[in-house]
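> the following block contains a protein sequence and its predicted model.
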Amino acid sequence: MSDNTPELKTEQHDPAVPEAYLAFMRTGWDDRGDAVERQAVADPAAARRTRLAETFPGERLVLPGGGYKVRAYDTDYRFRADTAHAYFSGNQTSDATLVIEPDGSPVLYARPRSGRESDEFFRDRQYGALWAGKRPSAEELEAALGLPVRHVNDLATDLAAGGAKTRVHRKVSADVDALVAGDEGRDTELARVVSEMRLVKDDWELAELQAAVDATALGFEDCVREWDQVLVHGERWLEGTFFRRARTMGNDLGYDSIVACGPHATTLHWIENSGPIVPGQLILLDMGVEGANLYTADVTRTIPVSGTFTPLQRELYSLVLEAHEAALAVLKPGAKFLSGHDAAMNVLAHGLGDLGLLPVSVEEALSPDSKVYSRWTLHGTSHMLGMDVHDCGHAAPEAYRDADLTEGMVLTVEPGLYFQSDDLLVPEELRGIGIRIEDDVVVTADGVRNLSSALPRTPDAIEEWMGSLRG
């Protein structure tokens, strides 16, 4: 491996470093590596690389993992590897790039820890072991992931060598993008393929998703157990409580938690979470734990702050639940991806008609040329779920939105009703109410299996659940 001493990341307020101190710090360390076990993701990742290479025979494929992103001046967001990079390599260290060579052989270009002959380990704020923790060595990465590792500083030279057709997974690393001239058609096709390969989950992935969902269910329970504190401190107490579970049992949150009480629930992605928790109102909780291997849950429950639904809240909630059940009933292999959405919207449109809200007949409202009921439903009922909360986002419409479901696909089912506080077309008693029920399901041979069934969904079960957890 070539000499790859990186430029040190220091700050202007750091004290001066005399030569005597530098020399003293470079001596007297036990720099042996750690014993490393092969990670469980290594074998699935190897099989995925083989499939990807077979899709683009004789081409070089470049999948960067990304680097740190600045939050403010000299502080960065916690690093999270790009999904495609992690899917095909298993690597979660920063600044790495996976290259699959034209013959199908992989190389991981990584930034391993420096030796103690370098000043990095005690001076570098971003990569130094004494500042940021001990990064794995190249040998440790090789043992854990089962693929060859070279230093990331060799990437530019190696990519410049040879005339192989090269595709790059773009917009992950500006530095890597700059190394290879772009070809929009080729690169877009690579992004599509790496998304579509994730559409069907294997047994290992399903176990990872189930673990993330199970941890999420525990996080919901944590929140209700702390209800007395919630009533005092508001939405952010709930946000913080769930975050504690996510960091304890997983890598992080799968997405910013939505903790939306009362009229905040009518904002689909309310992540400010700055409001009070008001007795008598409903609170919408849309939260998910991201597991250690980056598979995430995405679950929503809408529950009564006081522990029991009012008659009106129960009526509206039951309508959304009926739509939810209708969607679940039609999802199976061979059904269209949008069949669950269509079934849920049919129920909600009829319910809105019964409430006297539709300006036209239910049949006309359901027409593709109308859909005026969407004023109060707003969004689609499903999206794919996996390592990204909105997984497989670069897949072609004919492989995703317009496709038939296949056994092993994982998707959400999340119909909702939203009556804005300023909507003059609904009765005043409905204004400011938002309800969503969301579960994560896997398509099985004859239907779907609800990964998040441990959390109650019926009004009676929710009331009993809240009562038991609050003691």
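Yep, it's here.
> can we go C-alpha only for contacts and neighbour counts from here?
Fine.
> count the residues that sit near Gln12.
Using other C-alpha atoms under 10 Å, Gln12 has 6 other residues around it.
> part of a strand, is it?
No - read with DSSP: H, G, I helix; E, B strand; the rest coil, Gln12 is coil and lies in no strand.
> may I have the phi/psi pair for it?
The phi and psi torsions at Gln12 (degrees, to the nearest 10) take the values phi -70, psi -20.
> look up how far Val305 lies from the nearest residue to Leu231 once chain neighbours are set aside.
Among residues not flanking Leu231 along the chain, Ile277 sits closest, at 5.4 Å (C-alpha to C-alpha, 6 or more residues apart in numbering). Distance, Ile277 to Val305, by C-alpha to C-alpha, to the nearest Å: 7 Å.
> between the two, point out the one with more neighbours.
Each of Ile277 and Val305 has its neighbours counted (other C-alpha under 10 Å); Ile277 has more, 25 against 22.
> look up how far Arg245 lies from the more buried one.
21 Å.
> same deal with Asn251?
Distance from Asn251 to Arg245, by C-alpha to C-alpha: 10 Å.
> and the helices in the stretch 201-350 of the chain?
203-225, 227-233, 235-249, 311-330, 339-354 (DSSP state H, counting those that start in this stretch).
> which one of these lies nearest to Arg449?
helix 311-330 (9.2 Å; C-alpha to C-alpha).
> can I get the CA coordinates of the closest one in PDB?
Only the C-alpha atoms of helix 311-330 are listed here, as PDB (Å, rounded to 0.1, in the frame of the first residue of the first chain):
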ATOM      1  CA  PRO A 311     -67.200   9.600  19.800                       C
ATOM      2  CA  LEU A 312     -66.200  11.800  16.800                       C
ATOM      3  CA  GLN A 313     -62.500  10.800  17.000                       C
ATOM      4  CA  ARG A 314     -63.500   7.100  17.200                       C
ATOM      5  CA  GLU A 315     -65.800   7.500  14.100                       C
ATOM      6  CA  LEU A 316     -63.100   9.100  12.000                       C
ATOM      7  CA  TYR A 317     -60.400   6.700  13.200                       C
ATOM      8  CA  SER A 318     -62.600   3.800  12.400                       C
ATOM      9  CA  LEU A 319     -63.000   5.100   8.900                       C
ATOM     10  CA  VAL A 320     -59.200   5.200   8.400                       C
ATOM     11  CA  LEU A 321     -58.900   1.800   9.900                       C
ATOM     12  CA  GLU A 322     -61.500   0.400   7.500                       C
ATOM     13  CA  ALA A 323     -59.500   1.900   4.600                       C
ATOM     14  CA  HIS A 324     -56.300   0.300   6.100                       C
ATOM     15  CA  GLU A 325     -58.000  -3.100   6.300                       C
ATOM     16  CA  ALA A 326     -59.300  -2.800   2.800                       C
ATOM     17  CA  ALA A 327     -55.800  -2.200   1.500                       C
ATOM     18  CA  LEU A 328     -54.300  -5.100   3.400                       C
ATOM     19  CA  ALA A 329     -57.000  -7.400   2.000                       C
ATOM     20  CA  VAL A 330     -56.000  -6.900  -1.700                       C
END
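> quick one: distance of that helix to the chain centre.
Distance, stretch centre to chain centre, for helix 311-330: 26 Å (C-alpha atoms, centre = their mean, to the nearest Å).
> can you give the distance of stretch 441-451 from its chain's centre?
Relative to the chain's own centre, stretch 441-451 is displaced by 20 Å; criterion: C-alpha atoms, centre = their mean.
> can you check stretch 195-208 too?
14 Å.
> buried stuff in that stretch?
If you call a residue buried by 16 or more other C-alpha atoms under 10 Å, then stretch 195-208 has these buried ones: 195-201, 205-206, 208.
> for that stretch, measure first residue to last.
Its first and final residues considered, stretch 195-208 spans 18 Å by C-alpha to C-alpha.
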